[in-house]
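Engineer: what's the 3D shape of this:
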Amino acid sequence: MISEDSARLGTPANGRLLDERSFAGRVAEGVPRPVELYGLVLAGGRSRRMGRDKSALNYRGEPHARYTADLLSPYCERVFYSCRADQADNPLFADHPKIADVFPDQGPLGGILSAFAAHPDAAFLVLACDLPFLDAETLKNLIRGREPRKIATAFFNPERGKPEPLCAIYEPAYAIEAGKFSGQGVNCPTKILEQSDVHLIPLSSARLLENANHPEDYELARAKLNVTVEYFAVFRACAGRNSEDVEIGDAKPSAVFERLRSRYRFPMDQSHVHLAVNDEFAPWDRPLSPGDRVAFLPPVSGG
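Structural biologist: Next up is the predicted model:
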């Protein structure tokens, strides 16, 4: 249990201080010097409502914590998993270094402050491990909107009327501000953002940051992330079915077709195939959305 004084000072269990000296001199004439952006996947929750480890759930062919880390990798100097001390040997987290909670049982805020305790001079792009609809374009928008003169940059969700703390960029100064709130008994990241000087940017769709906390959320998200592929003629014969639900993958019909062509040994490549999406002919580079109906149509013979 963290004492009130320790929380107020930002002192974790390992005794390392999160004080102003960590980033003193970073701001000169109101313009902050650039700091490295690290990625942090929050994976240390107990997943009590889900009934199994949310970080290991599979939405796109791999554990979602790894998918989330892979989303961060192109945009961050380093990527870390935030986890509990008893998760240190979990092979799920073997692909990136781990930061164990030194503020145990403090929820997401404990994970964020533990990251700053380990790397006080970095900024962190923080993601929860239970955001099944999050995509790379959303991260790009967040990074483009980053305002390092504020302690954080976050999306504002108009449906909730609140900032979204678990897909946000936290600058080094956030550690001090959050430590003060924690010392006053406020450990909710949303409330800290609401009561602090942060930069908020609009969220294009609330669904992008919907989380999955319960088993029914997981099943619904998996269904929404699929497209339905309908087979005709020779493709129906090869697949042995009329239709099936398929994971979108990289969200392009060409990639879906090539996966299925390899699986079912389709006798022709896509240059001889017509594509229809939601009953309309479409180009092969048309982005797909969850729930779309996709049809691969072979050439028609005869006259």
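Engineer: A233 and H274, how far apart?
Structural biologist: When distances are taken as CB to CB, to the nearest Å, A233 and H274 turn out to be 11 Å apart. The C-beta positions use only the backbone N, C-alpha and C, and glycine is treated the same way.
Engineer: joint contacts of these two?
Structural biologist: 297-298 (CB atoms under 8 Å, 6 or more residues apart in numbering).
Engineer: which residues touch stretch 133-140?
Structural biologist: Contacts to stretch 133-140, defined as CB under 8 Å, 6+ apart, come from residues 68, 71-72, 74-75, 125, 127, 167, 204, 207-210, 221, 224-225, 290.
Engineer: same check on stretch 108-121?
Structural biologist: Outside of stretch 108-121, the residues within contact range by CB under 8 Å, 6+ apart are 10, 12, 14, 16, 18, 22-23, 35-36, 38, 40, 42, 44-45, 80, 82, 99-104, 106, 122, 124, 126, 128, 165-166, 170, 172, 174-175, 178-179, 182, 187-189, 192.
Engineer: and those, which of them are buried?
Structural biologist: 10, 12, 16, 18, 22-23, 35, 38, 40, 42, 44-45, 80, 82, 99-104, 106, 122, 124, 126, 128, 165-166, 170, 172, 174-175, 178-179, 182, 187, 189, 192 (16 or more other CB atoms under 10 Å).
Engineer: which residues are contacting stretch 223-239?
Structural biologist: 59-60, 132-133, 241-248, 256, 260, 264-268, 288-298.
Engineer: which residue ranges of the stretch 151-300 of the chain form helices?
Structural biologist: Read by DSSP state H, counting those that start in this stretch, the stretch 151-300 of the chain holds these helices, from start to end of the chain: 174-183, 189-194, 215-224, 233-239, 253-264.
Engineer: tell me who's in contact with the closest residue to G111 other than its chain neighbours.
Structural biologist: Using CB to CB, 6 or more residues apart in numbering and skipping the chain neighbours, the partner closest in space to G111 is S82 (3.7 Å). Taking CB under 8 Å, 6+ apart as the definition of contact, the neighbours of S82 are 40-44, 98-99, 101, 111-112, 114-115.
Engineer: can you tell me how far S82 is from A94?
Structural biologist: For S82, the distance to A94 under the criterion CB to CB works out to 15 Å.
Engineer: over to R286?
Structural biologist: 37 Å.
Engineer: and the two? which has more neighbours close in?
Structural biologist: R286 (17 against 11; other CB atoms under 10 Å).
Engineer: residues in contact with the more buried one?
Structural biologist: Neighbours of R286 in contact, by CB under 8 Å, 6+ apart: 252-253, 275, 277.
Engineer: poorly predicted segments of the stretch 1-150 of the chain, please.
Structural biologist: The stretch 1-150 of the chain contains residues with pLDDT under 70 at 1-34.
Engineer: partners of the helix or strand containing the residue nearest to G111, with directions?
Structural biologist: Per DSSP states H and E: S82 is located in strand 78-83. According to DSSP bridges, strand 78-83 forms sheet pairs with strand 37-42 (parallel), strand 98-100 (parallel).
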